[in-house]
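[1] Take a look and give me a structure for this.
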Amino acid sequence: MWSGTGVFRLWLVSGVDGEAIPPLSSADSVEIVGDGALGMDGPDKEHVRVRLVPVEIVDWHDVRRRYGRYGWWLGDEGVKLSAVLPDTGTPIPSGKHAIDELVPALSPMAPDLERVESFAQLALVPSPMLPPGQWQSNLHALTRTHAGPLWSGLLNVNTTSVRFWRGVAATYNRDKPAGDPALVTVGFGTAMRDAGLGLCLEVDDLLASAPLADALEHNGGVTPGQFAGVMHPWLATRSDTFRIRAYGDAVNAIDPDRVESVARCEAIVERTGGMVPGFGRRFVMTGFRWLGPDDI
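    Predicted structure coming up:
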């Protein structure tokens, strides 16, 4: 999380104080996104592990003891392609993201997409249905829908995900004028990851940057002007939809190293146009589920 001037504020994850990410051990942390969510795939699966925060009480002997622990992670849905986009309420009417770049069998025009209510249900759209690995491996690059106060499907450019930038390139290829050159999607995605652009305060800063121009030139001969002409309406530098995963446990009253019960959950929250006095924009919960061990 950054301020409006690009100054780092904090990580949206439990147990981190300051800018540095602390070393994690199995004793003081928990995996909150792992093989159950991501499937068996390549090195860019991006597991998520968070530091546990102790919950302590002072008992009737005035002794402080651990009662349990909790941990949480907030993931950004705006740095993903949206599989379900309405025909109105998007930056380009009837515009779609090229989700078939990430999952070839998943057409952005598939009629059954309108019936999908969750990310996991995307597997049910093609026939035959997708094997788990094909949709799970794209958890960090594909979502059902991310929206905001104004438009559904805005793409937050503050990411170094190869899969995301591949999808952006494929979306450009899908919507570009017939006579303009096409992008090499994998090469463009890799180049954007390696460019290490970091935080882009404005979309125009990205579109005017030398790393983007190099990535476009060396992966299809596309000019920044051609790219901007197609993609500028889709691009943003903030997000309004987030995925929160949380973990909590309770320990034995006698032996604090013995965990008696565990709970895990996931919520999708969306920032709306409504304002809460003193707090800013109102968030609403658009999805919630309890998670089992196999969902992690």
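[2] Make sure residue 136 is actually in contact with residue 102.
    No: Residue 136 is beyond contact range of residue 102, at 11.7 Å (criterion: C-beta atoms under 8 Å). All C-beta spots, glycine's among them, are computed from the backbone N, C-alpha and C.
[3] which regions of the stretch 1-150 of the chain sit below the pLDDT cut-off?
    For the stretch 1-150 of the chain, the stretches flagged by pLDDT under 70 are 41-44.
[4] now do 80
    2-7, 18-22, 40-45, 59-64, 149 (pLDDT under 80).
[5] Okay, strands next: where are they in this protein?
    In the chain, the segments counted as strands under DSSP state E are 29-33, 48-51, 53-58, 64-76, 81-82, 142-143, 155-156, 235-236, 241-251, 259-276, 280-290.
[6] possible to save those as TSV with mean neighbour count and distance to residue 89?
    Output for these, formatted as TSV (neighbours: other C-beta atoms under 10 Å; distance: least, C-beta to C-beta, whole Å):
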stretch	mean neighbour count	distance to residue 89
strand 29-33	21	29
strand 48-51	19	31
strand 53-58	12	39
strand 64-76	18	20
strand 81-82	26	12
strand 142-143	26	16
strand 155-156	23	15
strand 235-236	20	15
strand 241-251	19	14
strand 259-276	15	12
strand 280-290	12	15
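[7] so what's the closest residue in space to residue 19 that isn't next to it in sequence bridging to?
    In this structure, residue 19 finds its nearest non-sequential neighbour in residue 8, 5.4 Å apart by C-beta to C-beta, 6 or more residues apart in numbering. Per DSSP bridges, the residues bridged to residue 8 are residue 2.
[8] got it, and residue 66?
    On the basis of DSSP bridges, residue 66 is bridged to residue 56.
[9] and it, what does it touch?
    54, 55, 56, 251, 256 (C-beta atoms under 8 Å, 6 or more residues apart in numbering).
[10] Go through those and say which is closest to residue 22.
    Nearest to residue 22 out of the contacts of residue 66 is residue 54 (C-beta to C-beta; 14.9 Å).
[11] Now do the contacts for the closest one.
    Taking C-beta under 8 Å, 6+ apart as the criterion, residue 54 is in contact with 66, 68, 69.
[12] check contacts around the residue nearest to residue 19.
    By C-beta under 8 Å, 6+ apart, the contact list for residue 8 reads 1, 2, 19.
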